[in-house]
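K.L.:
Curious how this folds, go ahead:
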Amino acid sequence: MKRRNFIKKASITGLACTLPPVFPLYSDDEYSVDELMGKADIELFGKGINLRKEAFEAFQKMKKAAYADGFDIKMVSSYRDFYRQEAIWERKYLRFTEDDGMEPLEAIDKIIEYSTIPGTSRHHWGTDIDIIDGYPKVSGDVLVPEKFETGGPFADFKLWLDENSEKFGYYLVYTDEPKRRGFKYEPWHYSYAPISIPMLTAYRKLNILRLLQYEEFLGCEHFTSGFLRTYIQDNILDINQALL
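P.N.:
The predicted structure follows:
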């Protein structure tokens, strides 16, 4: 598989807009480009938790409250750096193109149903979590929407999260709003809003195409300015409105 060694330069406009904050914001210069793209060495807290300090403390409080109500919050995924996301992306790209015989653009469209382009993941920030209830015995992939719906092993846990997660600053990111575009519904993915909102504000001011031109992960030679503009609008920004 030939790896990319260049990408046409272009600019993405219209990303640097400001929306009314829901929470107090940190100054934009608090977050470096490497930090926003998952390449910085940031301080993380909690063995197997791996969140920024404030997000970790809020998570611990939420976990304690859930435990009192009969649920055992288990972390499936939290912080992922750029290189971990790159490995996930390339594994899927190879599977779809080589094993399943998809064309590159078809494979990319399949990947971004649930997985982000390296450097664009909210999991790079140390604020976002994928969680389940650890009590039910579950086989197979745990991160599928059906397991959080009525009759599923995590249905009651999801109802608890609907009623309680926001009390601890954690908001569902990819909702089941019918008109929402981008990533599919993820009932397991929550974000610690007091930090992730200002980080998204800072992230929106980056020129993603210019930054990605220096990367060499599989498939990115097929990215165009138009594709990335749509990707950012649909997959990065079309989320729970409370997180903008």
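
K.L.:
how far away is the residue sitting nearest the centre point of the chain from Tyr67?
P.N.:
Nearest residue to the geometric centre of the chain (Cα atoms, centre = their mean): Arg122, 3.7 Å. For Arg122, the distance to Tyr67 (Cβ to Cβ, to the nearest Å) stands at 26 Å. C-betas here are computed from N, CA, C, even on glycine.

K.L.:
re earlier: can you pull the contacts of the residue nearest to the centre of the chain?
P.N.:
Thr116, Asp128, Val173, Ser191, Ser196, Leu200 (Cβ atoms under 8 Å, 6 or more residues apart in numbering).

K.L.:
now do Asp234
P.N.:
With Cβ under 8 Å, 6+ apart, Asp234 has these contacts: Arg181, Gly182.

K.L.:
Buried by neighbour count: which residues of stretch 165-184 qualify?
P.N.:
For stretch 165-184, the neighbour count (16 or more other Cβ atoms under 10 Å) marks Ser165, Phe168, Gly169, Tyr170, Tyr171, Leu172, Val173, Tyr174, Thr175, Arg180, Gly182, Phe183 as buried.

K.L.:
what about Lys64, distance to Lys167?
P.N.:
For Lys64 relative to Lys167 (Cβ to Cβ), the value is 12 Å.

K.L.:
repeat for Val142
P.N.:
Where Lys167 is concerned, Val142 sits at a distance of 24 Å (Cβ to Cβ).

K.L.:
what does Asp141 give?
P.N.:
Distance from Asp141 to Lys167, by Cβ to Cβ: 29 Å.

K.L.:
Then Pro153?
P.N.:
Pro153 is 24 Å from Lys167, by Cβ to Cβ.

K.L.:
And for Ala55, the neighbour number?
P.N.:
For Ala55, the count of nearby residues is 30 (other Cβ atoms under 10 Å).

K.L.:
what's the helix or strand for it?
P.N.:
helix 53-68 (DSSP states H and E).

K.L.:
can you give me how far stretch 140-148 is from the chain middle?
P.N.:
Distance of stretch 140-148 from its chain centroid, counting by Cα atoms, centre = their mean, to the nearest Å, is 17 Å.

K.L.:
Can you pull out the residues in contact with it?
P.N.:
Contacts of stretch 140-148 (Cβ under 8 Å, 6+ apart): 76, 130, 132, 138, 152-155, 157-158, 184-188.

K.L.:
which strands and helices sit next to the worst-scoring helix or strand of the chain on mean pLDDT?
P.N.:
Every helix and strand in the chain was compared by mean pLDDT, DSSP states H and E; the lowest is helix 208-212, with a mean of 89. Helix 208-212 is packed against helix 225-231, with contacts defined by 3 or more Cβ pairs under 8 Å, 6 or more residues apart in numbering; DSSP states H and E.

K.L.:
name the helices or strands packed onto the helix it packs on?
P.N.:
helix 208-212.

K.L.:
State the distance from the residue lying closest to Phe168 once chain neighbours are set aside to Leu105.
P.N.:
Excluding the flanking residues, the one nearest Phe168 by Cβ to Cβ, 6 or more residues apart in numbering is Met62, at 4.0 Å. Counting by Cβ to Cβ, the gap from Met62 to Leu105 is 40 Å.

K.L.:
rewinding a little: per-residue confidence at the residue nearest to Phe168?
P.N.:
At Met62, the model reports a pLDDT of 98.

K.L.:
How about the contacts made by it?
P.N.:
Ile73, Asn164, Ser165, Lys167, Phe168, Tyr170.

K.L.:
Need the max-distance pair from those residues.
P.N.:
For the contacts of Met62, the farthest-apart pair by Cβ to Cβ is Ile73 and Lys167; their separation is 13.9 Å.
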